[in-house]
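Chemist: No sequence on hand, only this structure:
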């Protein structure tokens, strides 16, 4: 299923055929440095196949391929909360895109459009994202996409032998008209 299509990219469900290109873009230490440790490095085609199988089993679908020039060049998705919990109307946003597409404004546009789609498709009032303080590019993406910088969670993560602060961002459903 296609979620969003523009002249620059498509967001759609993953297919098994995406594994080689996904692995090719994901096998990049710079990407790994900005994501959680469950994202392996090195990133193999088998890792891509496992990820694709996992996300395609999710119902409803919440993770999508970022397809550029016919290749799966990244991923974007949300993690919804337990529907019996106080945070049931919040979702966590996660994303990455292949290095050849950095600095072109693509990810900002993708996050902006995808966030709007999340509010339309899912019973969510708030989308939030946590970004390591060292990942200034991702912080700029969220700033430009209209997310509110909520604060810093000090010493929140341990990645690659370093203690990192996490900068927390959010977007509320009522913030959308401003986008």
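Modeler: Looks like it came in fine. In this text the structure is predicted, and so the values were computed from the model without any measurement. Residues are numbered from 1 along each chain as shown.

Chemist: Give the other helices and strands that the least confident helix or strand in the chain by mean pLDDT contacts.
Modeler: When the helices and strands of the chain are compared on mean pLDDT, DSSP states H and E, strand 2-5 comes out lowest with a mean of 88. Secondary structure elements in contact with strand 2-5, counted by 3 or more C-beta pairs under 8 Å, 6 or more residues apart in numbering; DSSP states H and E, are strand 10-12, helix 106-121. Glycine gets a C-beta too; all of them are placed from N, C-alpha and C.

Chemist: elements contacting the shortest one?
Modeler: With contacts taken as 3+ C-beta pairs under 8 Å, 6+ apart, strand 10-12 sits against strand 2-5, strand 63-68, helix 106-121.

Chemist: Need the residues that contact the shortest one.
Modeler: Contacts of strand 2-5 from elsewhere in the structure, counted by C-beta atoms under 8 Å, 6 or more residues apart in numbering, are 10-12, 64, 110, 113-114, 117.

Chemist: Out of these, which comes closest to residue 20?
Modeler: Minimum distance to residue 20 across those is 16.7 Å, recorded for residue 12 (C-beta to C-beta).

Chemist: Who does that closest one form a beta bridge with?
Modeler: residue 2, residue 65 (DSSP bridges).

Chemist: With adjacent residues omitted, what lies nearest to residue 10?
Modeler: Using C-beta to C-beta, 6 or more residues apart in numbering and skipping the chain neighbours, the partner closest in space to residue 10 is residue 67 (4.4 Å).

Chemist: contacting residues around that neighbour?
Modeler: Taking C-beta under 8 Å, 6+ apart as the test, what residue 67 contacts is 9-12, 73.

Chemist: and if you look at residue 25?
Modeler: Residues in contact with residue 25, defined by C-beta under 8 Å, 6+ apart, are 31, 71-74, 97-100.
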